[in-house]
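Colleague: Here is a sequence with its predicted model. Questions after.
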Amino acid sequence: MELTMASMQAGNASMLGTGYQYSRGLAFTNTILARSQYIYFQEGYAISNLPIGLLYLRAEQSDRVYPTFQLTTYDQEMAPDVILNQMSSGSFNIRYELLNLQQYALKAGEYHNLIQLEPKNNALFSQVSPNPTRFDLVIPRVVSPNFINRDVTLNINQLSYYRNGFTYQVPFNSSVYHSVPVRAEFNSHSPYFNFSSPHNTIQNNYVEVSNLQMHGGKFINNAFYRLSDAQQFLWQITDIPVGNRTQLYYGFKLTSTDLKSSFLQPGTYSTQIQLRLMDANDHRINRDQAINVHLEIPEMTEFQVSSNQVDLALNSAVAYLQGVNKDYAGHLVLSKNGPFQVTVRSNSAWLYNGPNRIPASTISIGPVGSDPRITPIEQLSYDPQTLILSSTGIIDGSYNIRYSIRPTAAHQLIHVEKGRYTGLITYSITAL
């Protein structure tokens, strides 16, 4: 009997054995006794894990079908030993049935059992042939995956992922039905992600798929491997479980370094991953599964100003002569996953001290020392001016800002009414 994957999954199989001969001999009543020679099916010269109790027998002769019984190592009657219902001499068939297969681990291979068939009464000329009869069982090499979720979206929708990394476990378990050890290999159809964005000005077409890591297999904590367009090892399962179905886990990971280096452009990054599950000992037996993976990265912004008050004091002759400045380390801290600009403006053209006022253009804003990322603004104005312009995104970018009153502006304040002049400055960050 050769099983199929369908019969293995159903847990039962049946076949009709023909060509058996029975002679009752010179006995008034007689029947056939059947028993197994082994307790377990034999695999070559080795004992398997499959008990002979999986096998059920039933004698059939002409229009008579006799009761089914479970094979054991003890003699059992194949038909009643009564005159009105006994088997006639001549040919007969045996219906072989395997039941409850799903309760065992069906390992691919060739198995056999010897069944002794003998007359119950050893009368003259009584016999059964062939005796013993050999029952062969063939379990095929099967690898059949079932991936429930073949379209996976990774939502990179928090800037914290750029700091701590991103890990996603696919929520629906997949499985593989197998009668052999299974090896899985995977690859991407392309070395680069396919990038798309609603903003036509944004392009990021050469992000390597190796930035994405994948894991999978029997255990949820299996090792991660970087994706490639070359087929490579992912996992291997060596044991055959009861019922022959192994639950599979798989998930994805992006490190913070990879996110910051390659994914600082909002949009959709897509690739198709080809999973090949194969017989670990015969790679010709294999099944492919395609998984479409999409990284959805929306536009995200974080912007902080470390101090909400800036004080510049003209309190000496030197200050009026040389001007004054004050530095604020880490004054602007921002994260933006795409090109951006930061502008600054005064909320009014003037700074006020009661009824008195001085021009907001008295104030200058720029970097502390030399910072090519910052464009100095010599005269603050009511109209926005670009302080920072970046063609790439940044995560936790820190900017040291210097506020100053330049010497020429300080000279012009000698004769104004003394006191505290205040105003509001607004920083704005926008995507490019």
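Modeller: Received, thanks. Predicted model, so just to flag it, every value in this text is computed and none were measured. Numbering: from 1, shown residues only.
Colleague: hey, where'd the helices end up in the stretch 301-432 of the chain?
Modeller: Assigned by DSSP state H, counting those that start in this stretch, the stretch 301-432 of the chain shows helices spanning 317-322, 407-411.
Colleague: list the helices and strands the longest one packs on?
Modeller: By that I understand helix 317-322. helix 407-411 (3 or more Cβ pairs under 8 Å, 6 or more residues apart in numbering; DSSP states H and E). (Each C-beta comes from the backbone N, C-alpha and C, glycine too.)
Colleague: cutoff 10 Å now
Modeller: strand 394-405, helix 407-411 (3 or more Cβ pairs under 10 Å, 6 or more residues apart in numbering; DSSP states H and E).
Colleague: ok, the one helix or strand residue 293 maps to: who's next to it in the sheet?
Modeller: Residue 293 is part of strand 282-297 when elements are defined by DSSP states H and E. Here strand 282-297 has these sheet partners by DSSP bridges: strand 151-155 (parallel), strand 267-279 (antiparallel).
Colleague: Give me the distance between the last one and the centre of its chain.
Modeller: Meaning strand 267-279. Computed by Cα atoms, centre = their mean, to the nearest Å, the chain-centroid distance of strand 267-279 equals 10 Å.
Colleague: One more: stretch 260-277?
Modeller: With Cα atoms, centre = their mean, you get 13 Å for stretch 260-277.
Colleague: Now do it, average pLDDT.
Modeller: For stretch 260-277, the mean pLDDT works out to 94.
Colleague: so where do the strands sit in the stretch 1-150 of the chain?
Modeller: 13-23, 32-36, 40-43, 46-51, 55-61, 64-65, 69-70, 76-77, 90-98, 109-119, 127-129, 133-139, 143-146 (DSSP state E, counting those that start in this stretch).
Colleague: Switch the ones you listed over to CSV; also include mean neighbour count, distance to residue 280 and mean pLDDT.
Modeller: Formatted as CSV, the strands of the stretch 1-150 of the chain follow (neighbours: other Cβ atoms under 10 Å; distance: least, Cβ to Cβ, whole Å; pLDDT from 0 to 100):
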stretch, mean neighbour count, distance to residue 280, mean pLDDT
strand 13-23, 15, 25, 95
strand 32-36, 21, 33, 95
strand 40-43, 19, 18, 96
strand 46-51, 16, 19, 94
strand 55-61, 20, 29, 95
strand 64-65, 12, 44, 92
strand 69-70, 14, 35, 96
strand 76-77, 16, 41, 94
strand 90-98, 17, 26, 96
strand 109-119, 18, 15, 96
strand 127-129, 16, 43, 94
strand 133-139, 17, 16, 96
strand 143-146, 18, 9, 92
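Colleague: In TSV: those, plus distance to residue 259.
Modeller: Output for those, formatted as TSV (distance: least, Cβ to Cβ, whole Å):
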stretch	distance to residue 259
strand 13-23	53
strand 32-36	63
strand 40-43	52
strand 46-51	48
strand 55-61	59
strand 64-65	70
strand 69-70	61
strand 76-77	69
strand 90-98	54
strand 109-119	48
strand 127-129	75
strand 133-139	47
strand 143-146	30
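Colleague: These: which one's closest to residue 394?
Modeller: Closest of the strands of the stretch 1-150 of the chain to residue 394 is strand 143-146, at 42.3 Å (criterion: Cβ to Cβ).
Colleague: Neighbouring strands - and their directions - for that closest one?
Modeller: Under the rule (DSSP bridges), strand 143-146 has strand 174-178 (antiparallel) as partners.
Colleague: And the next helix or strand past the partner strand?
Modeller: As assigned by DSSP H and E, the chain's next helix or strand after strand 174-178 is strand 182-188.
Colleague: Residue 402: which of the strands of the stretch 1-150 of the chain is closest?
Modeller: strand 143-146 (62.1 Å).
Colleague: what does the closest one contact?
Modeller: With Cβ atoms under 10 Å, 6 or more residues apart in numbering as the contact definition, strand 143-146 has outside contacts at 5, 8-9, 108, 173-184, 244-246, 248, 275-280, 282, 285-289.
Colleague: circling back to that earlier point, export the helices of the stretch 301-432 of the chain to TSV and append columns for mean pLDDT.
Modeller: TSV is the format used below for the helices of the stretch 301-432 of the chain (pLDDT from 0 to 100):
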stretch	mean pLDDT
helix 317-322	94
helix 407-411	94
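Colleague: So which of those is nearest residue 252?
Modeller: So among the helices of the stretch 301-432 of the chain, helix 407-411 is nearest, using Cβ to Cβ, at 56.2 Å.
Colleague: on contacts alone, who are the packing partners of the closest one?
Modeller: So helix 407-411, by 3+ Cβ pairs under 10 Å, 6+ apart, packs with helix 317-322.
Colleague: Just list the residues touching residue 331, thanks.
Modeller: 304-307, 310, 365, 368, 398-403, 427 are the contacts of residue 331 under Cβ under 10 Å, 6+ apart.
Colleague: which among these end up buried?
Modeller: With burial judged by 16 or more other Cβ atoms under 10 Å, the buried subset of the contacts of residue 331 is 365, 368, 399, 401-403, 427.
Colleague: next one: the strand holding residue 293 to chain centre, how far?
Modeller: Offset of strand 282-297 from its chain centre (Cα atoms, centre = their mean): 11 Å.
Colleague: same deal with stretch 193-212?
Modeller: With Cα atoms, centre = their mean, you get 21 Å for stretch 193-212.
Colleague: list the contacts for the nearest residue to residue 5 once chain neighbours are set aside?
Modeller: Spatial nearest neighbour of residue 5, chain neighbours left out: residue 142 (5.0 Å); criterion: Cβ to Cβ, 6 or more residues apart in numbering. Going by Cβ under 10 Å, 6+ apart, residue 142 touches 3-5, 8-9, 106, 108, 176-180, 182, 244, 279, 285, 287.
Colleague: Please consider this matter closed, and thank you.
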